[in-house]
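A.B. asks: Requesting a structural model of the entry that follows:
(2 chains)
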Amino acid sequence: MTQPDSGGLVVDAEVQRGSFTLEVSLVAAPGQVLGLLGPNGAGKSTLLSAVAGLTPLSAGRIALAGQVFDDADQDIFVEASGRPIGFVFQNYRLFPHMSVADNVAFSPRARGLGKQAGRSAASYWLDRLNLTDLAGRKPSQLSGGQAQRVALARALAGQPTLLLLDEPLSALDAGTRLDVQAELKRHLADFAGPCLLVTHDPIEALVLADQVVVLEGGRIVQEGTPALIARQPGTDYVAKLVGLNLYAGRADGAAVTLSAGGTFVIPDHGQHGDVLVAVRPSAIVVSTQAPRSSSARNTWQAKITGLALLADRVRLDLDGQPPALVDVTPAAVTELSLDPGSQVWLSVKATDLEVYPHNGARAG
Amino acid sequence: MVTRNVRPAAPSRLTARERARRAAQGGASRSVPAPLLVPALIAILFLLLPLAGLLIRAPWGRLGAALSGADATQALTLSLWTATVSTAIAMIIGVPLAWVLARSSFPGLRLLRALVTLPLVLPPVVGGVALLLAFSRTGFVGRYLDSWFGLTIPFTPLAVVMAETFVAMPFLVITVEGAFRSADQGFEEAAATLGAKRMTVFRRITVPMIAPSLGAGAVLCWARALGEFGATITFAGSFPGQTETMPIAVYYALENDPDAAIALSLVLLLVSVAVLVSLRDRWLRGSPL
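C.D. replies: Numbering: from 1, shown residues only, chains lettered A, B, ... in the order given. Sure thing, here's the model as predicted:
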């Protein structure tokens, strides 16, 4: 995966922190937004801070457009202040003692522009991000969405060639989030260099990123386009994030023997050996009796272990071979008198089962 | 086994005001038990009576005259400018020292921290003796200052400034060091990613963010310098107009001009109250430095 790439970011990094090891190789092309998706403690932020120069590598190499930032084998290291980066931190870290305008002018000034030039660079970015009216305010007088825009303006004002965003929307409430997200997407599209975007929100990754890398336990477990990752999750963590049932199994002709128990019959899936099968919770049909005549080829018995009300439907937690999460309408719950402990029949059409090679999803 | 029913205690009076207080703030009675109340009152009297005496004995009518006497004015002027210069010096060299103590690491750092804060607990007169041994004309530093530059420090206003700085600077250093230590370094990281080199980060981020602590440290340092007596009289002597600061003037005036002594004491008391008021948010609320 690590080929030299003109203008791109090439990371082949190992960071040792106590018992935690981050071991990641990735490439981000100019203009590309690479989403780093993963649970807390997966090493996303560590990776970002290694790229920024806030954490040195234990082994490996980081280079941007051919310029080496960090090379542990050759003892080369460029300090954070010497890297042409823009970093938007999770809680923004706006300087509390400076006005919005001074925050935005900080990087141009620190990178050597005079007072006047720094001020005009700041006013350009304040204007671009619709912050001109807030120029005189202190960070403590800003709303969450405004602070996020100031943080982005401050990062962009330094004319970086690499943009790093650490959960840029996580500090916002749900109401402002969508607006800010749409705006952020526009600004990311305008940015010419590569961009790394850390998130644990799959929607954020799906909306903002061109390519997604899934990190778990310090390693890359899957990479691909957001659409592919949403359709063919490679791990239970991703499947849970995107809301799919995921089964590992072995394909032998049309039959897929699942390691969680049970067998799916899926004609013409074209896979052999270790496979993953993904199915939407709403694609599984629940009935109280064994379906006699149905086009669904895959039918099995299961016991309800839990019910949870989601926005407009009820999610059933079912124990069977295999276990499953199934979405039904609240009406169906009453009509079929579904209770914890009830035995039901589940069926799913073969066409609703997405079969793909295990680990093959990395190919993207 | 003898058992006995617990009987309710005799009722006592509970005023409407006390009822309202307990309802609003909760908690039980706030009355102080006698074994605590008596020693507490003795302590209060011990601390406040002498100060009250100062106010009672003050020659209020002739206060202006007492203070405008030549000696008093000279002492006042000398004390104000030496304390201010000492504080400025303490900020110029003490803030970098505080940063080194808080942020760097090298062998012997802990020992160094203990040594530079020693003047906090050292009797000031010992500090004065030490300064004298180092900087007198025969001292191990002073002899070279004398023979190379013709500079004689003891018993000059410069000696006053040095004695005050020696005693007062540690107050600034420990206050500012604590602030450097507890300052959120996330802002400094952010500044680095924006292209700021370490000195720029120090100047534009670190120092402005600890400004309140720097102010408190400077006030403490200034107040300590203003009240300095032991080290000053030992190292700088007490030449009126030259090295006789206010505390020293008070000490000598007590014999031949008690009114001036009291008036000068009142000025120092007023300054102390002002310092306390300016630091009230940090100290009176019980928060650590």
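
A.B. asks: which bits of the stretch 1-150 of chain A sit near chain B?
C.D. replies: Remark: the part of the stretch 1-150 of chain A in contact with chain B comprises A:52-54, A:79-83, A:85-87, A:89, A:91, A:93, A:95-98, A:106-107, A:110-111, using CB under 8 Å from any CB of the partner chain. Placement of C-beta: from N, CA and C, glycine included.

A.B. asks: Among these, which lie within strands?
C.D. replies: With strands defined by DSSP state E, the entries of the residues of the stretch 1-150 of chain A next to chain B inside them are A:85-87.

A.B. asks: among the residues of the stretch 1-150 of chain A next to chain B, which are in helices?
C.D. replies: Counting by DSSP state H, the members of these that fall within helices are A:52, A:106-107, A:110.

A.B. asks: can you redo the residues you listed as a markdown table with neighbour count and pLDDT?
C.D. replies: Supplementary listing: these in a markdown table, determined by neighbours: other CB atoms under 10 Å in any protein chain shown; pLDDT from 0 to 100:
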| residue | neighbour count | pLDDT |
| --- | --- | --- |
| A:52 | 24 | 95 |
| A:106 | 26 | 95 |
| A:107 | 28 | 95 |
| A:110 | 20 | 93 |
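
A.B. asks: Max pairwise distance over the residues you listed: which two?
C.D. replies: Based on CB to CB, the longest span within these runs between A:52 and A:106 and measures 16.0 Å.

A.B. asks: So which residues of chain A form helices?
C.D. replies: Per DSSP H, chain A has helices spanning A:44-52, A:100-110, A:115-128, A:144-157, A:174-190, A:202-208, A:226-231, A:236-242, A:330-335. These are given in chain order.

A.B. asks: In JSON lines: the ones you listed, plus distance to residue A:37.
C.D. replies: As requested, these are exported to JSON lines (distance: least, CB to CB, whole Å):
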{"stretch": "helix A:44-52", "distance to residue A:37": "8"}
{"stretch": "helix A:100-110", "distance to residue A:37": "28"}
{"stretch": "helix A:115-128", "distance to residue A:37": "28"}
{"stretch": "helix A:144-157", "distance to residue A:37": "20"}
{"stretch": "helix A:174-190", "distance to residue A:37": "15"}
{"stretch": "helix A:202-208", "distance to residue A:37": "5"}
{"stretch": "helix A:226-231", "distance to residue A:37": "8"}
{"stretch": "helix A:236-242", "distance to residue A:37": "7"}
{"stretch": "helix A:330-335", "distance to residue A:37": "32"}
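
A.B. asks: so which of these comes closest to residue B:230?
C.D. replies: Checked against CB to CB, the stretch from those lying closest is helix A:100-110, at 46.2 Å.

A.B. asks: now the angle between helix A:115-128 and that closest one, please.
C.D. replies: Computed with axes from the mean of the first three to the mean of the last three CA atoms, to 10 degrees, the direction of helix A:100-110 lies at 130 degrees from that of helix A:115-128.

A.B. asks: For burial, what's the neighbour tally of residue 190?
C.D. replies: Let's take chain A. 9 (other CB atoms under 10 Å in any protein chain shown).

A.B. asks: hm, I was asking about chain B
C.D. replies: Counted with other CB under 10 Å, the neighbours of residue B:190 add up to 29.

A.B. asks: isn't it right next to residue A:87, touching?
C.D. replies: Yes. Under the criterion of CB atoms under 8 Å, residue B:190 is in contact with residue A:87, at a separation of 6.9 Å.

A.B. asks: Excluding covalently adjacent residues, which one is nearest to residue A:147?
C.D. replies: residue A:92 (5.2 Å; CB to CB, 6 or more residues apart in numbering or on different chains).

A.B. asks: Sounds good, over and out.
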